[in-house]
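Q: quick one, fold the following:
(one chain, ligands or ions: 1)
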Amino acid sequence: MKRLRIGVLGAGLIGRRHIDTILACPEEAELVGVADPVLGSDKFPDVRAPFFTTAEELYDRAKPDSMVIATPNNLHAPQGIDCARRGLHFIVEKPVTDSLESAAALLREVRKAGVKTLTGHHRRYLQAVSTAKKLIAEGALGRLVGISVIWSTRKPEAYFDVAWRKAAGGGPILINLIHEIDLMRHLCGEMVTVSGTVSNAVRGFAVEDGAAAVIAFAGGCIGTVLASDTGLSPWTIEQGTAENPAFAYTGENSYRVVGTEGALELPNLRLWSARDPQAIGWDKPLSATPMKVLERDPYIEQLRHFRRVIHAGEAPLVSAEDGAHTLAATLAVAEAGRTQRLVDLDAARRALA
Ligand SMILES: NC(=O)c1ccc[n+]([C@@H]2O[C@H](COP(=O)([O-])OP(=O)(O)OC[C@H]3O[C@@H](n4cnc5c(N)ncnc54)[C@H](O)[C@@H]3O)[C@@H](O)[C@H]2O)c1
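A: Numbers count the residues shown, from 1 in each chain. The predicted structure is shown next:
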């Protein structure tokens with residue numbers, strides 16, 4: 001299988017993680033160039049690949065066959081469209097774009113060009129998540145009934161020194177909740193309706209500091225999710241897995257999935273079932289089976305998967321299209337909070353078709 005000749009757009013916080021990932025996997029990919037108008041090679045003494053100030057220079061001089069788009073959200077659509085028109089496969093960071101309309105425009109170009117895409121919902125590559133997905137698919141929980149998710153942490157004050165983090169779009173809905181929505185879709189299937197409440201009560205910024213939603217999935221499963229960046233708690237996937245070194249590890253579970261035959265806690269998998277499968281009911285004892293999985297770096301798994309999607313015909317775990325449906329459901333939480341109405345996702349589905 002051919003190695004990727006991959007370039008990176010945007011060398012900020014997450015661009016650096018992609019750069020480090022590519023450099024850690026020389027058997028998978030060669031980093032042929034990085035483009036960032038502000039950050040240059042002086043900030044990356046360990047990176048030998050050339051730095052450019054524009055994407056065009058990178059394309060013309062480094063000749064990549066694939067790209068990572070790790071730039072601000074409003075650039076994802078134009079840069080993704082440009083990649084598609086140039087026949088470049090790409091991983092685009094989440095959110096796939098900054099609106100439903102721009103996501104639809106991106107998908108049109110991707111389909112026309114036939115390029116392969118991934119959206120950077122890296123958590124889908126966690127071993128705990130793929131094991132949970134498999135257990136649910138195999139019927140370990142019986143018929144899926146519901147899911148309950150918390151993502152709550154207190155972001156440090158310095159985080160808000162950057163102006164866009166206090167403005168609309170810079171809050172926990174598009175930055176954090178979108179990951180929970182994506183995992184909820186991944187585990188429980190497509191979302192049908194969303195209702196919600198959004199709050200800025202604690203910090204009082206223009207942007208929200210918390211959101212809660214009630215979700216109905218196709219097939220009858222229902223769910224709730226709370227996302228807050230003011231509430232100090234041990235319950236985020238980052239704290240539960242140590243996948244993000246910026247978060248202090250707690251090892252706590254923040255997802256609970258329930259079915260007619262059992263329940264599952266994530267990310268430190270614990271499967272609950274009737275001690276006697278012939279005796280199920282609230283008066284009957286349960287047993288918990290802890291399931292230790294060897295966790296792996298989701299960014300490395302994402303890169304390996306990307307190469308197999310391009311060169312070995314593997315189906316993308318989370319394509320740009322999939323990312324667009326996650327975006328639509330996430331935007332629906334904001335809309336439901338704003339209008340205090342139930343949002344039906346059918347119109348969004350048609351817009352993205
Ligand atoms: N998967 C995740 O968990 C995760 C985590 C953090 C950020 N992200 C996403 O990654 C993206 C970047 O976020 P960040 O935190 O790294 O932001 P950042 O501000 O740290 O970095 C963005 C970089 O893009 C550069 N840039 C601006 N215009 C550019 C252009 N035209 N061409 C090339 N580079 C350009 C900026 O100079 C900056 O260095 C956002 O979409 C964000 O939502 C995803």
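Q: got the residues of this protein near the ligand?
A: For the chain, the residues found near the ligand under the criterion CB under 6 Å from any ligand atom are 9-15, 35-39, 55, 70-73, 75, 93-94, 120, 122. No exception for glycine: its C-beta is placed from N, CA and C like everyone else's.
Q: list buried residues within the residues you listed.
A: 9-11, 14-15, 35-36, 39, 55, 70-71, 73, 75, 93-94, 120, 122 (16 or more other CB atoms under 10 Å).
Q: out of those, which sit inside helices?
A: In this view, those that belong to helices under DSSP state H are Ile14, Gly15, Ala55, Asn73, Leu75.
Q: between those, which sits nearest the ligand?
A: Ile14 (3.7 Å; CB to the nearest ligand atom).
Q: can you give me the distance of whichever residue of the stretch 101-250 of the chain sits closest to the ligand to Asp322?
A: Scanning the stretch 101-250 of the chain for proximity to the ligand using CB to the nearest ligand atom identifies Gly120 as nearest, at 4.4 Å. Gly120 sits at a distance of 12 Å from Asp322 (criterion: CB to CB, to the nearest Å).
Q: just the helices in this structure please.
A: Read by DSSP H, the chain holds these helices, from start to end of the chain: 13-24, 55-62, 73-85, 100-113, 127-137, 172, 178-188, 237-241, 298-311, 320-339, 346-352.
Q: now render these as TSV, adding distance to Leu226.
A: TSV is the format used below for those (distance: least, CB to CB, whole Å):
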stretch	distance to Leu226
helix 13-24	24
helix 55-62	38
helix 73-85	23
helix 100-113	24
helix 127-137	19
helix 172	10
helix 178-188	9
helix 237-241	13
helix 298-311	23
helix 320-339	11
helix 346-352	23
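Q: mean pLDDT and distance to Ile147 added to the ones you listed, as TSV?
A: Rendered in TSV, the data for those read as follows (pLDDT from 0 to 100; distance: least, CB to CB, whole Å):
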stretch	mean pLDDT	distance to Ile147
helix 13-24	97	27
helix 55-62	98	39
helix 73-85	97	27
helix 100-113	98	24
helix 127-137	97	10
helix 172	95	19
helix 178-188	98	5
helix 237-241	95	13
helix 298-311	98	20
helix 320-339	97	13
helix 346-352	95	20
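Q: which of these sits closest to Trp272?
A: Taking CB to CB, helix 127-137 is the member of the helices of the chain nearest to Trp272, at 11.6 Å.
Q: tell me the angle the closest one makes with helix 178-188.
A: For helix 127-137 against helix 178-188, the angle between stretch directions is 30 degrees (axes from the mean of the first three to the mean of the last three CA atoms, to 10 degrees).
Q: which parts of helix 127-137 are buried?
A: Buried-residue list, helix 127-137, by 16+ other CB under 10 Å: Gln127, Ala128, Val129, Ser130, Thr131, Ala132, Leu135, Ile136.
Q: tabulate these (TSV), appending distance to Trp151.
A: As requested, the buried residues of helix 127-137 are exported to TSV (distance: CB to CB, whole Å):
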residue	distance to Trp151
Gln127	20
Ala128	15
Val129	14
Ser130	20
Thr131	20
Ala132	16
Leu135	22
Ile136	20
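Q: pick the one among these closest to Thr241.
A: With CB to CB as the yardstick, the closest approach to Thr241 among these comes from Ala128, at 6.8 Å.
Q: enumerate every residue touching that closest one.
A: Contact partners of Ala128, counting by CB atoms under 8 Å, 6 or more residues apart in numbering, are Thr241, Leu266, Pro267, Asn268, Leu269, Val293, Glu295.
Q: 7 Å instead, please
A: When contacts are counted by CB atoms under 7 Å, 6 or more residues apart in numbering, Ala128 is found next to Thr241, Leu266, Pro267, Leu269, Val293, Glu295.
Q: tell me how far the closest residue in space to it that isn't next to it in sequence lies from Ala242.
A: When the adjacent residues along the chain are set aside, Ala128 lies closest to Pro267, with 4.2 Å between them (CB to CB, 6 or more residues apart in numbering). According to CB to CB, Pro267 and Ala242 sit 10 Å apart.
Q: those two - which one has more neighbours?
A: Counted by other CB atoms under 10 Å, Pro267 and Ala242 do not tie: Pro267 has more neighbours, with 27 against 14.
Q: ok, the residue sitting nearest the centre point of the chain - contacts?
A: Taking CA atoms, centre = their mean, the centroid of the chain lies closest to His121, which sits 2.5 Å from it. With CB under 7 Å, 6+ apart as the criterion, the residues that contact His121 are Lys94, His179, Asp182, Val318, Gly323, Thr326.
Q: pLDDT wise, what is the residue lying closest to Leu183 once chain neighbours are set aside at?
A: In space, and not counting its chain neighbours, Leu183 is closest to Arg123: 5.9 Å by CB to CB, 6+ apart. As summarised for this prediction, Arg123 has a pLDDT of 96.
Q: that'll do, ta.
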